[in-house]
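Student: Make a model of this:
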Amino acid sequence: MVLLALLLITVAPRLQFKGPYLYNGDPVAYFSGAEALLQDGKYLIDGKTPIWPIGTSLSLLPFMKMSEVLGSPAESGAFWHGVFFIFMAVAFTYLLGKRLFNPATGIIAAIFLSLAESPFINSINSASDPGSLAMLLGAIYLMLLFLDTQSPRDLFLSFFMLGVAFVFRWNYVFFLPLFLVFLVGDRRIWAFHLYPSFWLLGFFGFLAGISPQLVTNYSHFGNPFQIGYGQLDYSEQFVFNIITYLKNIIRIVYRMMFTWDFFSPLLAMFGVLAILSLWKEKRRDVLWLFLPWIVLGSLSVIYFGVKPRLLMPIMPAMFLIGAEGIVRAFFALRKSLSIHHVSPKVIVVASVFMVMTLFSPMFVRTFLHAHGHFQDKVVMQKAFRTAGAIMPGNGAKIITQPYYAGQNPDWLRAGWDVWASKRYAGRKIRSFEFPETWENEKKNWVVVNRFWFEGSSVRFENSREMLNRFDSLCVARDLELKMTLDGEAEPLFLKKLNMLTYYPVDFLEYRPSFEIWGPRE
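Tutor: So this is what the prediction gives:
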């Protein structure tokens, strides 16, 4: 019954964002890889060997086929793919909370994970994050289950799911030492002696989980251990930079203490209460599981930058600690009020109302951000489709903002050109950020989202520079405005509720306005 309620809480708010809309680069790449698997049985993206692991593309296949059977575009499967895996993550979060703490903690943490901004945004696209997160949580839950059941099946499946998590996202390899640290730190090394086949079953389980990637690597490179990222030649980038790492560590701590995907310190405050109580109770099982979980999950973030979605692997741990703090606060309140003979039912109703009052405004930002993100997908797709259709067949390309071109020095060096704009326009894309790629091409058209040029937008530091390049290009090549496509405004009710949060600004007033510019006729 609880899982059914969590399924409803997870799926219902996302239905308004359903549709055949792909976005950005990685999701489009995963979907293109799935299309290639369906058509040719080969994992290729844009005819090239992918840098991405195969997990997301493989798991997309049944959802794409299901969409086609139901008469919907195959791209609709991307939405259901994300919803399916985020619900798996939500369900495992509940089961972990129930096993480690109590059912109430599991339910509250699961709801937080379902409605938090980063899991929400990345579950309505064909992103790899929901799948890898679900596999990691499943692996942790099955490991805890194995310690009780001592079942070979649970042990094998635990390492199998950990391997599958790696096949969804490369950086999940950092979680390989998690079980070892936990078992040793919590003094459960008896598991190694009580079950001599621990290492053998764990090895074969992990090997089975990563086998699709090993086969893919061998088919592409003749070496099962060579991964696609080797094409980008990252050797010059992996240098030790203590200043950058320290800065990122501070940023991670800041997010964990003061925002934590809700832009509010409330959850962290309850988390501190739980940590102090767990320390006092000497809950080694929780501390030795959660501490390495958070540390190992932060390693790739420290190097690659503190992007919210990269913090998703450690969000369930933090939500569970915060939820446990809320439950403990409730029991403390009930104990205090029971002395004054307050009805238990009144205490429960009042506590639920207080928690909803404290955290409901936090979810408003999630829905506002999701609305803007979805509108950007919808209008972006229409703008680039329209531009590609009305452009003459003279080999002209489209110049656009970096946010929609998706180009960076690494991708340009590797020759990668996979992005939603190219998919929908059917034209090659150029970025304002790299004028050397288009300054000698005189027939190009331009597609821009006017919002990112407005002074009120602070999302991109170089927006003013991009605007200057756009204005200069329009004048130099005598471009005229061909069409404007606007997105829907955000719901007024949600915008008013957002004023109750700790984060009332940023780009919450977001409304896309795409412009198509071409040569004057």
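Student: Remind me which helix or strand Phe270 belongs to.
Tutor: Here Phe270 sits within helix 266-280, counting by DSSP states H and E.
Student: Let me know the angle separating whichever helix or strand comes after that helix from helix 266-280.
Tutor: Counting by DSSP H and E, the next helix or strand C-terminal to helix 266-280 is helix 284-304. Relative orientation of helix 284-304 and helix 266-280, computed by axes from the mean of the first three to the mean of the last three C-alpha atoms, to 10 degrees: 140 degrees.
Student: how far is the next helix or strand after helix 284-304 from where the chain is centred?
Tutor: Sequence order places helix 315-338 as the next helix or strand after helix 284-304, per DSSP H and E. Distance, stretch centre to chain centre, for helix 315-338: 27 Å (C-alpha atoms, centre = their mean, to the nearest Å).
Student: Average pLDDT for helix 315-338, rounded please.
Tutor: Summarised as a single mean, pLDDT over helix 315-338 is 89.
Student: can you pull the buried residues of it?
Tutor: Buried residues in helix 315-338, counted by 16 or more other C-beta atoms under 10 Å: 315-330, 337. Using the backbone N, CA and C atoms, a C-beta is placed for each residue, glycine as well.
Student: Leu485 should be in a strand, yeah?
Tutor: Yes - under DSSP: H, G, I helix; E, B strand; the rest coil, Leu485 falls within a strand.
Student: got the contact list for the closest residue to Arg334 other than its chain neighbours?
Tutor: Leaving aside its sequence neighbours, Arg334 sits nearest to Ile347 (C-beta to C-beta, 6 or more residues apart in numbering; 5.0 Å). When contacts are counted by C-beta atoms under 8 Å, 6 or more residues apart in numbering, Ile347 touches Leu333, Arg334, Leu337, Ser338.
Student: now swap in Gln226 and tell me
Tutor: By C-beta under 8 Å, 6+ apart, the contact list for Gln226 reads Asn217, His220.
Student: ok, 6 Å please
Tutor: Shown in contact with Gln226 (C-beta atoms under 6 Å, 6 or more residues apart in numbering): Asn217.
Student: Could you tell me the angle between the longest helix anywhere in the chain and helix 266-280?
Tutor: When the chain is parsed with DSSP state H, its longest helix is helix 344-390. Taking the same axes, to 10 degrees, one finds helix 344-390 and helix 266-280 inclined to each other by 130 degrees.
Student: pLDDT (mean, whole number) over helix 344-390?
Tutor: The average pLDDT for helix 344-390 rounds to 86.
Student: How about stretch 162-175?
Tutor: Average pLDDT, stretch 162-175: 93.
Student: Can you get me the centre-to-centre distance for it and its chain?
Tutor: Here stretch 162-175 is found 14 Å from its chain centre; the criterion is C-alpha atoms, centre = their mean.
Student: what does stretch 80-87 give?
Tutor: With C-alpha atoms, centre = their mean, you get 12 Å for stretch 80-87.
Student: which SS class is Leu95?
Tutor: Per three-state DSSP, Leu95 ends up helix.
Student: So it is in contact with Leu142, correct?
Tutor: No - assessed by C-beta atoms under 6 Å, Leu95 is found out of contact with Leu142, at 9.8 Å.
Student: what's next to stretch 163-180, contact-wise?
Tutor: With contact meaning C-beta under 6 Å, 6+ apart, stretch 163-180 is reached by 53, 55-56, 128, 131-132, 135-136, 143, 206, 209-210, 212-213, 292, 296, 299-300.
Student: Low-confidence stretches in this structure?
Tutor: Across the chain, the ranges flagged by pLDDT under 70 are 194, 231-240, 259, 262-264, 414, 455-461, 498-509.
Student: how's it carved up into domains?
Tutor: Following automatic domain parsing, one gets these domains for the chain: 2-342, 366-519.
Student: Check the offset of the shortest one from the chain's centre.
Tutor: Here the centre of domain 366-519 is set off from its chain's centre by 22 Å, with C-alpha atoms, centre = their mean.
Student: That one spans what distance, first to last residue?
Tutor: This stretch, domain 366-519, spans 40 Å end to end (C-alpha to C-alpha, to the nearest Å).
Student: And the strands in the stretch 101-250 of the chain?
Tutor: Listed in chain order, the stretch 101-250 of the chain contains no strands at all (DSSP state E, counting those that start in this stretch).
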